Each structure stands twice: as structure tokens, then as C-alpha cells.
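Q: Okay, structure incoming, though there's no sequence with it:
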């Protein structure tokens, strides 16, 4: 595993944030302040720099742009330390384009730096929306498996074209679909196997994080519901062809890995039906920390930058004390926000923590 952390960042024209240089440390950085002052906006800007999108849903460029800016462009300048070597990454974003540079040289895209955002409110969607949980797994598997990401993008491209053929029904469209389905089935087979491998590898981390961080005794697991999970690529293709007339009638692809389901098991039961809201949140947090822990065993990956948005408000004291102990021993950079004074006091027990205070979009040393 290769080390990576964000040393400095300057954010201009982004929401309510004042333009200033913010210094960060390689371990724990805590941004303290009352709600509404812009703490989450700093996390969002870091995420936006590295992922070209917000972690908030349905946020377009005008919504991200500061209301007080004189020019309609977001500028984010940063200094990263990657394996003890400095690298500058800058982004200039207008409504029409993203312009990146590395070490002052323009580039089409930057080398992937993993960033993980932990938002306590996402747990509800994770357990109540199969689309959200499926996208969660796709997104997180892609960060540790570039081949998976490439295959998944190919699959989505073919799926989109296949659905267009099924909806528009141009001349000889059935023949076109049969040709497409050879690659479609092969990609499905590869993606399924990568999903199964990831779930197998993360399972022990999931249980361990749940037990050690939150001191819970229940048994957790992840099940994967896929129609094609135990068959070959040729058999997947046959299934697609057998289902073709239904697809034609409906006008879209009604069977495939884009409809697969994941389910968290809690003592052998479906967690979303069996658990309290508090237990669901702890299970979701455990999955996120299990994923972070998994990076330690993926030697080709950079350590992730972990953004945690006011998680203390969703945990009782005993549970966030366990979280603080976990963060104390962490081997990755954490940038977290809190408005909770007791949680701040607990964090201060960690040697070398970087404390920042946020007031009306301006950061200062605490």
C-alpha cells in the first residue's frame, strides 16, 4: 500500500468558502464549528477535485459556484504527498469544462487518488434503495480494481445501445442485439466474478470493524443476489436470448447484472427488515471502515483520503469513543467535521491531531 495525503488546498469561488490556503496533516484533521458555517463544503471541494462530481445529489455547477464570485469559475489548487514526493494538482472548472493540471502541466485527467466520503444519512438510502447500494458497490470496487471499472463502463455502454435498439426497433435490430450479446454476456461474467471476489475479501474486515470499533457481538454478512452467478458466459448469453422477446415487448433490457441486489445480513436475517435504525447506521459505518481497512491489503493502491461529515451526531458516546480509538490507530488521512464539543474533546486525546475552526466560510487554527 502506497502512502498518500493532502498537505495543502486553496479553494476559490466554491459555495460560501473564503479563498485561503488550508494546511492539513497526514493523520487526523478535525474541522470544528457550528452548523451552517461551511464545514461540509470543504469536504465537498476535496471530493469534487478528485472525483469531478459532488457527493451531494443533483448539484450542478451553478449550485456549487459562490454567489459572491466576480468570475464564473471554480478554482481548486492542491499539494499532495504521494510516497514522500510532492505533486500539485489544480482544477479550473467552468460551466462548460474541467481543466486539470499536474505539477503545472495541463492533463486530460489526473491519476486516480482514492477518496471516501462518510455521510451518516446515506445509510437510509443504502438499505432502502437497491439502486443506491448497487452503485455504492460498483463505485467502491472500481476504486480498487481498474479492470472492473473498465469492464463496467463497457457494459453500461452496451446496455445503453441495447436499450436504444429495443426501444426504437430499427431495421434488423434483433440481429444487432444478438451480436452485442456475445460481449455483453462476457462482460457480465467478468463483472460477476469480480463482485464475488470483492465480497469474499471484504467479509472478514466487515465483521472485525463491527466488532472492534463499535463493540457489537452480532454476526454480519453480505449476500449477493444475481441470476447469473453460477453460470458461464455462454449460458448468460443464452439467458439473454431467451428473454429477448420480453425485452422487445417492454422496450428495454429486463434481465442483467445492472439489476443485481446486495443485502446486509444481521445474524442471518435481512438487516433492512430486522434491525433498528441505529443498528443499520452502525452496520453501514462498519462496511465503510471495512472497505478502508481493505486498502491495507491491496498493495498496489494508494491509501485513501477519508472524509467524515459529523458522524458523532449519529452515535452514542460509547460508539464514538470506539471510533476515536480506531482513527487513532489508522494509517490513512482523515478529514472530519463536528459540531459536537464532547466529540472534539475526545479527539483531542489523539496526539498530533490538527484542529481547525470554521466560522462563516473561513478556516483558522483552533
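A: Perfect, thanks for sending it. This structure is a prediction, so every number in the text was calculated from the model and none was measured.

Q: The helix or strand where residue 336 lies - contacts with which helices or strands?
A: Under the criterion of DSSP states H and E, residue 336 resides in strand 333-338. Applying 3 or more C-beta pairs under 8 Å, 6 or more residues apart in numbering; DSSP states H and E, we find strand 333-338 packed against strand 4-12, strand 28-32, helix 39-51, strand 305-309. C-beta here means a position set from N, CA and C on the backbone, and glycine is covered the same way.

Q: and the first one, how far out from the chain's middle?
A: Read that as strand 4-12. 19 Å (C-alpha atoms, centre = their mean, to the nearest Å).

Q: Tally up the residues packed near residue 172, please.
A: 8 (other C-beta atoms under 10 Å).

Q: which phi and psi does it have?
A: Main-chain torsions, residue 172, degrees, to the nearest 10: phi 60, psi 30.

Q: if I look at it, how far off is residue 165?
A: Here the distance between residue 172 and residue 165 works out to 10 Å (C-beta to C-beta, to the nearest Å).

Q: Where does pLDDT dip in the stretch 51-200 of the chain?
A: Within the stretch 51-200 of the chain, no stretch has pLDDT under 70.

Q: and residue 171, helix, strand or coil?
A: Secondary structure, DSSP: H, G, I helix; E, B strand; the rest coil: residue 171 is coil.

Q: And for it, the neighbour number?
A: 6.

Q: same question, residue 162
A: 21.

Q: Next up, identify which helix or strand it is on.
A: Short version: residue 162 belongs to helix 146-168, going by DSSP H and E.

Q: Who are the packing partners of that helix?
A: With 3+ C-beta pairs under 8 Å, 6+ apart as the test, helix 146-168 has helix 130-144, helix 173-214, helix 244-250 packed against it.

Q: helix or strand right after the second one?
A: Once helix 173-214 ends, the next helix or strand along the chain (criterion: DSSP H and E) is strand 220-225.

Q: How about stretch 308-319, which residues are buried there?
A: Across stretch 308-319, burial judged by 16 or more other C-beta atoms under 10 Å covers 308-312, 314-315, 319.

Q: likewise stretch 263-272?
A: 263-266, 271-272.

Q: how long is that stretch end to end?
A: Chord length of stretch 263-272, first to last residue, is 8 Å (C-alpha to C-alpha, to the nearest Å).

Q: ok, now stretch 305-315?
A: 22 Å.

Q: same deal with stretch 16-32?
A: 16 Å.

Q: How about stretch 166-178?
A: Start-to-end, stretch 166-178 (C-alpha to C-alpha) is 12 Å.

Q: Where is pLDDT lowest across the buried residues of stretch 308-319?
A: Minimum pLDDT across the buried residues of stretch 308-319 is recorded for residue 314, with 73.

Q: nearest residue to that one other than its sequence neighbours?
A: Leaving aside its sequence neighbours, residue 314 sits nearest to residue 120 (C-beta to C-beta, 6 or more residues apart in numbering; 3.9 Å).

Q: again with residue 7
A: Nearest-residue entry for residue 7: residue 79, 4.7 Å, with adjacent residues in sequence omitted and distances by C-beta to C-beta, 6+ apart.

Q: And for that neighbour, the neighbour number?
A: 17.

Q: try the one 5 residues further on
A: For residue 84, the tally of surrounding residues (other C-beta under 10 Å) stands at 7.

Q: ok, now residue 65?
A: So residue 65, with other C-beta under 10 Å, has 19 neighbours.
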